[in-house]
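# need coordinates for the below:
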Amino acid sequence: MKIQLIALLVCLAVFKSNAGQITRDSTKRVKSTSVTVKFTKKDTVKLDTIKPSSKFSIQLTLSRLDLGLAKFTDNGSFTLKPKNQFLETETWKTNNIGFEFFQMGYRFNSNFKIYLGTGIDWTHMRLKQNVTLKPDEAMLDTVQESINFKKNRFSSTYLRVPLSFQIRTNDDQKGNKVYFVFGPEIGFLINGKVKQVSEEKGKQKVKDDFNLNPFRYGVFGRLGYDNFGLYVKYYNSDVFADNQGPKGFKNINFGIMFGF
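Next up is the predicted model:
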C-alpha cells in the first residue's frame, strides 16, 4: 500500500505540474485571409475558408485518477450472509484507487466525444475477521486464526478498459466546463494479494488469484467541473469466479476523481 500511495502522490504531482500544459480538444475554426469577389459596384461577397481540426485522437495521458471507497453486496444486500461474513470489511479502510494512462477517441463536436481508455485499478478490502485466505485452492477457502491481526488486507489489481461517452458544456466565464461521462467498463485480473500484520507473525504477503474473477464487467458514471469530479462504478459480474466463491457477491466503488 505504501508503494501505491507513493506512486499516487507522484501522479498527483505530475498532474498538477502539467495541468497548465494540457491542451483541451475542441473543434477549431481557423480563418484564412478573406477573399473578396466583386460582381458589380453594389454586389460584394466575402468568403472565409475554414480549416477543420482532426477529430480522432490517440494519446498517452494521466487522467481519471480515482480515490474512493469500495463496498460489497451479497445478493443485493449490504448485510452479508452468515456464511460470507469472513469477507466483512472495515468501511473507511476499504478503498479503491485507479487511473488511466492511454486513450483513443473521436470527437463529434465540441460537446460530445466517445473514447476508449486503458488503466490500472486497485481494490483493497480491509477484512474485519482474523482469517487467512488460502492460496492455490479450487474453491475460496479460509483458515480461522487465533491471533489478532493489526492489518488483514485482501487486494485485487485489474487492467481496466472503459468505453466513455463524454458530454460537456461550453466554457463558462472562467473558461471551465461541466462534464458528464458514462459507459461500460471491463477489467482483466492482474493479480490478487493478501497482506497481514500481527505481533505474532510480523508482516506477511502472499500473491495469488485467490479465486478472483479473471474478467469483470460493469458500468460507471462521472460528473464534475473543470478537472475535479465524483465517480461511481458498479460491477455486474461477481467478485469471485464462477463456482469458486460466494455467488452474487458484487463490488461498488465511489469517490472523488481528478482529470477528465
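
# and for the residue lying closest to Q103 once chain neighbours are set aside, the neighbour number?
Closest residue to Q103 apart from its sequence neighbours, by Cβ to Cβ, 6 or more residues apart in numbering: G117 at 4.5 Å. C-beta: built from backbone N, CA, C; applies to glycine. Neighbours of G117 under the rule other Cβ atoms under 10 Å: 21.

# so how far is L223 from G117?
17 Å (Cβ to Cβ, to the nearest Å).

# helices and strands of this protein: which one bottoms out on pLDDT?
Lowest on mean pLDDT, DSSP states H and E among the helices and strands of the chain sits strand 35-38, with a mean of 42.

# just give me the residue right at the centre of this protein.
G98 (4.9 Å; Cα atoms, centre = their mean).

# neighbouring strands for the helix or strand hosting G117, and are they parallel or not?
When elements are assigned from DSSP states H and E, G117 belongs to strand 112-126. Strand 112-126 has the following strand partners under DSSP bridges: strand 95-109 (antiparallel), strand 151-168 (antiparallel).

# where exactly do the helices run in this protein?
Along the chain, counting by DSSP state H, helices occupy 2-18.

# okay, now the unreliable bits of the stretch 151-260 of the chain?
Counting by pLDDT under 70, the stretch 151-260 of the chain shows no low-confidence range.

# do you know the pLDDT at the closest residue to N148 other than its chain neighbours?
For N148, ignoring the flanking residues on the chain, the nearest one in space by Cβ to Cβ, 6+ apart is N130 at 5.9 Å. We note a pLDDT of 97 for N130 in this prediction.

# pull the CA atoms of the longest strand anywhere in the chain into PDB?
For the chain, the longest strand by residue count, based on DSSP state E, is strand 178-198. Presented in PDB, the C-alpha positions along strand 178-198 are these (Å, rounded to 0.1, in the frame of the first residue of the first chain):
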ATOM      1  CA  VAL A 178     -19.100  20.800 -16.700                       C
ATOM      2  CA  TYR A 179     -18.500  17.200 -17.600                       C
ATOM      3  CA  PHE A 180     -20.800  14.100 -17.600                       C
ATOM      4  CA  VAL A 181     -19.200  10.800 -18.600                       C
ATOM      5  CA  PHE A 182     -20.700   7.400 -18.500                       C
ATOM      6  CA  GLY A 183     -20.400   4.000 -20.100                       C
ATOM      7  CA  PRO A 184     -19.400   0.300 -19.700                       C
ATOM      8  CA  GLU A 185     -16.100  -0.900 -18.300                       C
ATOM      9  CA  ILE A 186     -14.400  -4.300 -18.500                       C
ATOM     10  CA  GLY A 187     -11.400  -5.500 -16.500                       C
ATOM     11  CA  PHE A 188      -8.700  -8.200 -16.700                       C
ATOM     12  CA  LEU A 189      -7.200  -9.600 -13.400                       C
ATOM     13  CA  ILE A 190      -3.500  -8.900 -13.000                       C
ATOM     14  CA  ASN A 191      -3.200 -10.400  -9.500                       C
ATOM     15  CA  GLY A 192      -4.600 -10.800  -6.100                       C
ATOM     16  CA  LYS A 193      -2.700 -10.200  -2.800                       C
ATOM     17  CA  VAL A 194      -3.100 -10.800   0.900                       C
ATOM     18  CA  LYS A 195      -1.100  -8.700   3.400                       C
ATOM     19  CA  GLN A 196      -1.200  -9.400   7.100                       C
ATOM     20  CA  VAL A 197       0.400  -7.700  10.000                       C
ATOM     21  CA  SER A 198       0.500  -9.100  13.500                       C
END
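
# which secondary structure elements does it sit against?
Packing contacts for strand 178-198, counted by 3 or more Cβ pairs under 8 Å, 6 or more residues apart in numbering; DSSP states H and E, involve strand 131-133, strand 151-168, strand 202-208, strand 215-225, strand 228-235.

# report the angle between the third one and strand 178-198.
With axes from the mean of the first three to the mean of the last three Cα atoms, to 10 degrees applied, the angle from strand 202-208 to strand 178-198 works out at 120 degrees.
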